[in-house]
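Colleague: Pasting a predicted model and its sequence here:
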Amino acid sequence: MEALSIGLDAFFLAPFRDMFSLPDLLIQVIWEGFVSGVLYALIALGFVLIYKASSVFNFAQGIMVVFAALVLVSLYNYGVPAWLALILTIGVMGLLALSIERVILRKLVNQHEAILLMATIGLTLIIKGAGQLFFGGEPKSMITEELGLSTGSSDWEVFDGIVIFQHIDIAAAVIAIIMVAALALFFSKTRIGRALRAVADDHQAALSVGISLNQIWAIVWFASGIVALVTGIMWGARSDVSFALEIIALKALAVLILGGFTSVPGAIVGGLIVGIGEKLFEVYWGPIFGGGVEAWFAYVLALIFLLFRPQGMFGERHIERV
Amino acid sequence: MNIKKLGCSAIAFAAMAVGMPVAQAEDTLFMPSLTYRTGPFAGGGIPFADGYADYFNMLNERDGGIGGAKVVVEECETAYNTQKGVECYEATKGKGALAYSPLSTGISLAIIPKAPVDEIPVFSMGYGLSAAAIGEKFPWTFVYPTTYWNQLSSILKYIDSNGGIEGKKIGFIYLDVGYGKEPLPLLDSLSGTMGFEVAKYPIGVKEMQNQSAQWLNVRKDRPDWMIMWGWGAMNPTAVKEAAKIRFPLDRFIGNWWAGSHNDLRAVGQAGKGYLAANFSGIGTDFPALQDVITHVVDKGNSKVASKDDVGNVLYNRGLFNAVVLAEAVRVAQAKTGTAAITSADMRYGLENINLDEARLKELGLEGFTGPIKGSCSDHEGAGAVFMQQWNGEDWEKVTDLIEPMNDTVRPLLEEAAEKYISDKPEWQSQTCG
């Protein structure tokens, strides 16, 4: 009975006591979770864009993050000025999008979703092989300062403690918000954006009113490539640029299940829930499990959502009549 | 018989008479290299594989091989994947493999049980399984120059000599796989005997670049020192996160797999002060390294991306792996009198190795590492480590060799070895020597 009481206290009361005893740490945990959430949301956004337009779960999104970051850093290392390298990398991602549409997607129109998924797995292997062939497997440093992103920090003294804000994290949050706003405007206010939404709703109907499916797919893969580049810069700045970055994309799967595969706001909200949730859980509940709970927290959360709301918070509910 | 043939026969006869190996024209020494030039851990795998291959190639170019037999290095890509590592092992063992050094605790653990069956030694240089130091129980496995457990004891000794360890809190951040977890039993054991508290911070492979929560735990727990058992992308991320929470980096010590140039280049000045253990020399200021540059790198026969990579921490570690194997070949050749030794001879060579200071000087590696002397019972060599510190741009050696706490660790290793073989009846009758 005493053991049960101690256990209940450790799980339900002690974490909250810790939060209130060190409020500056709590703010720091929430901030770190927010930044991670924004970065997860960026990866998830890449998936959502492609899924909306083509119902393809793009398995290659993770390796596109690595590829974009490697192109940028390698161009700089070859002597290209940072900003020109950034522009050229955007161009390379555009070429990649066109190539994917021409060589792979165009030949797979009207094929089953599983075939398209398999095609993106093949694409992953091709990009990975090409990346290792051209850039080598050794890790590289992200050109953070060269791109004008500050690597310093600012302190906020609060509750007799300190909260540290890394400038790169602030930049990540601001850039992510700008990107989401830009994408939202693009989808709702431009002709191409409206065409994209039409394609997302019904391929056949969109084709019948003269919308070019090939053009839309190329645009959406290009937009996804830009998102991958931004994600690569931000994650690369926190660690290094290596093929290990690809693993980060796995976390986006949980975000997508939470937010829904077809919802841009869902990717953002899902990312923030996973980001903040896993940080709070690791710091305040992690010690009960021996630490390392971040590795599974997001997937358990996703599993719960799959049980009770499989379409996610913002996803469309599919009803198939048989 | 012409004069030339007569001369050759006379030389061969004379060589046999004085116990030197006799090389046939086709004699070769097959050294498989289980590499990982691809995948998330390629940053460690590439320089290690380059150093390993370049040293053997240098011996071929400079000396015509070892004892007259050319060394054939065949790479097989594992991507640090245990299953692929075992596939590589199976694909190469039939080619006359003399020894395996997979640079992966996971692959080592998988092929250690195969070693006595196939009679091919495993040289797991400075990585798992620590218990393999006990030669009587692991006759086919070698872990020179020292084990993870003894390395940890040297790190704890360093902490003790820098302000004392009793009553202190030691944080241990580790990659949450077999490699990272291996020193935990010793850490728990020594925390009781040395009187320090331990806080553990596991990092999953998927979280290597996403460690901020664990570092917030470090901020909450306020350990006096941090020790890291990391690999790959985990290392630069950890140092960046430590700097981010303003943990004093001169109280943050990585093990010998968490202190390479690739780990700290991405961190740069922010990592200034970070410490790491090491057992192989830094830089090219050794005659053997100069020979590698002259005979291999300058001739364009190395895979290094840049000449500047020669002499880096992990390049030299791979080179040292080849040095130990080459020396074991020489010991085996001297015993058998043949150049083309077998893997069983190689086991003898590894067990009877004696890389003392005089021999290291002869090899052009004076001061590169501590002496290693093997024996039937000691497959570890009880080597020592030194500390290196990142100055913002490069690593600097900052201590002399720190001897491990062998008296404390050896009984624990014997206990672990006994436990390992307890459920393997076929291992009970094995013996070294």
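Modeller: Now that the structure is in, tell me what you want to look at. Numbers count the residues shown, from 1 in each chain, chains lettered A, B, ... in the order given.

Colleague: low-scoring stretches of the chain, by residue?
Modeller: Here I'm looking at chain A. A:316-322 (pLDDT under 70).

Colleague: meant chain B, my bad for not saying
Modeller: Residue ranges of chain B with pLDDT under 70: B:1-25.

Colleague: Strands along that one, start to end?
Modeller: In order along the chain, chain B carries the following strands (DSSP state E): B:28-35, B:70-77, B:122-123, B:141-142, B:169-175, B:197-203, B:225-229, B:252-254, B:275-278, B:354-355, B:372-373, B:386-390, B:395-397.

Colleague: so what's residue 82 up against?
Modeller: I went with chain A, as the question did not name one. A:Tyr76, A:Ile143, A:Glu146, A:Leu147, A:Gly148 (CB atoms under 8 Å, 6 or more residues apart in numbering or on different chains). All C-beta atoms are positioned from the backbone trio N, CA, C, and that covers glycine.

Colleague: Not quite, go with chain B.
Modeller: B:Ser104, B:Gly106, B:Ile107, B:Leu109, B:Ala110.

Colleague: Let me have the residues you listed in TSV, extended by neighbour count and distance to B:Ala332.
Modeller: Formatted as TSV, those follow (neighbours: other CB atoms under 10 Å in any protein chain shown; distance: CB to CB, whole Å):
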residue	neighbour count	distance to B:Ala332
B:Ser104	28	25
B:Gly106	20	28
B:Ile107	28	24
B:Leu109	20	26
B:Ala110	16	25
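
Colleague: which one of these is nearest chain A?
Modeller: Closest approach to chain A among those (CB to the nearest CB): B:Ser104, at 15.4 Å.

Colleague: so how far is A:Phe222 from that closest one?
Modeller: Relative to A:Phe222, B:Ser104 is positioned 39 Å away (CB to CB, to the nearest Å).

Colleague: Those residues of the stretch 151-300 of chain A touching chain B, which are they?
Modeller: Applying CB under 8 Å from any CB of the partner chain, one finds that the stretch 151-300 of chain A approaches chain B through A:151, A:153, A:164, A:166, A:235, A:238-248, A:250-251, A:278-279, A:282-283, A:286-287, A:290-292, A:294-295.

Colleague: about what we covered before: just name the most buried of the strands of chain B.
Modeller: Highest mean neighbour count of the strands of chain B: strand B:141-142, a mean of 28 (counted as mean count of other CB atoms under 10 Å in any protein chain shown).

Colleague: quick revisit: buried subset of the residues of the stretch 151-300 of chain A next to chain B?
Modeller: Neighbour-count burial (16 or more other CB atoms under 10 Å in any protein chain shown) applied to these gives A:151, A:164, A:166, A:235, A:238-248, A:251, A:278-279, A:282-283, A:286-287, A:291-292, A:294-295.

Colleague: and B:Gly94, how many residues sit next to it?
Modeller: 8 (other CB atoms under 10 Å in any protein chain shown).

Colleague: cool, A:Ala205 as well?
Modeller: For A:Ala205, using other CB under 10 Å, the count is 11.

Colleague: name the element it belongs to?
Modeller: helix A:203-208 (DSSP states H and E).

Colleague: Pull out the buried positions in whichever helix or strand comes after that helix.
Modeller: Next helix or strand after helix A:203-208 toward the C-terminus (DSSP H and E): helix A:213-238. Residues of helix A:213-238 classed as buried under the neighbour-count rule (16+ other CB under 10 Å) are A:213, A:216-238.

Colleague: Not counting the helix or strand A:Ala200 falls within itself, show me its contacts.
Modeller: Element membership of A:Ala200 [criterion: DSSP H and E] is helix A:191-201. Helix A:191-201 is touched from outside by A:52-54, A:185-188, A:205-206, A:209, A:211, A:213, A:216, A:219-220, A:262, with contacts defined as CB under 8 Å, 6+ apart.

Colleague: May I ask which two of those residues are separated the most?
Modeller: The span of the contacts of helix A:191-201, defined through CB to CB, is set by A:Leu185 and A:Ala205 at 24.1 Å.

Colleague: re the thing from before, and which of the contacts of helix A:191-201 is nearest to chain B?
Modeller: A:Thr262 (25.2 Å).

Colleague: hmm, back to that, out of the buried ones among the residues of the stretch 151-300 of chain A next to chain B, which sit inside strands?
Modeller: Per DSSP E, these map to strands at A:Ile164, A:Gln166.

Colleague: B:Thr294 - how many residues pack around it?
Modeller: As a burial measure, B:Thr294 scores 13 neighbours (other CB under 10 Å).

Colleague: what's the answer for A:Met313, then?
Modeller: The tally of other residues near A:Met313 (other CB under 10 Å) stands at 16.

Colleague: Assign it to helix, strand or coil.
Modeller: The three-state assignment at A:Met313 reads coil, by DSSP: H, G, I helix; E, B strand; the rest coil.

Colleague: What are the neighbouring residues in contact with it?
Modeller: Each residue near A:Met313 by CB under 8 Å, 6+ apart is listed here: A:Leu258, A:Gly259, A:Gly260, A:Ser263, A:Gly266, A:Val269, A:Gly270, A:Phe305.

Colleague: hmm, 10 Å instead?
Modeller: A:Ile257, A:Leu258, A:Gly259, A:Gly260, A:Ser263, A:Pro265, A:Gly266, A:Val269, A:Gly270, A:Ile273, A:Phe305 (CB atoms under 10 Å, 6 or more residues apart in numbering or on different chains).

Colleague: of all these, which comes closest to A:Ile43?
Modeller: A:Gly270 (11.0 Å).

Colleague: and that closest one, what does it touch?
Modeller: Shown in contact with A:Gly270 (CB under 10 Å, 6+ apart): A:37, A:40-41, A:44, A:48, A:252, A:254-260, A:263, A:298, A:301-302, A:305, A:312-315.

Colleague: what helix or strand is A:Phe57 on?
Modeller: Judged by DSSP H and E, A:Phe57 forms part of no helix or strand.

Colleague: Tell me how far the top helix by length along chain A lies from the chain's centre.
Modeller: In chain A, with assignment by DSSP state H, the single longest helix is helix A:23-54. Centre-to-centre, helix A:23-54 and its host chain are 7 Å apart (CA atoms, centre = their mean, to the nearest Å).

Colleague: Say whether chain B is contacted by it.
Modeller: Yes - for helix A:23-54, a contact with chain B is found by CB under 10 Å from any CB of the partner chain, at A:Asp24, A:Leu25, A:Leu26, A:Gln28, A:Val29, A:Trp31, A:Glu32, A:Gly33, A:Val35, A:Ser36, A:Leu39, A:Tyr40.

Colleague: what's the closest non-adjacent residue to B:Val324?
Modeller: Ranked by CB to CB, 6 or more residues apart in numbering or on different chains and with sequence neighbours excluded, the top spatial neighbour of B:Val324 is B:Tyr144, at 5.9 Å.

Colleague: Out of the residues of helix A:23-54 next to chain B, grab the one that's most surrounded.
Modeller: Most neighbours among these, by other CB under 10 Å: A:Tyr40, with 31 neighbours.
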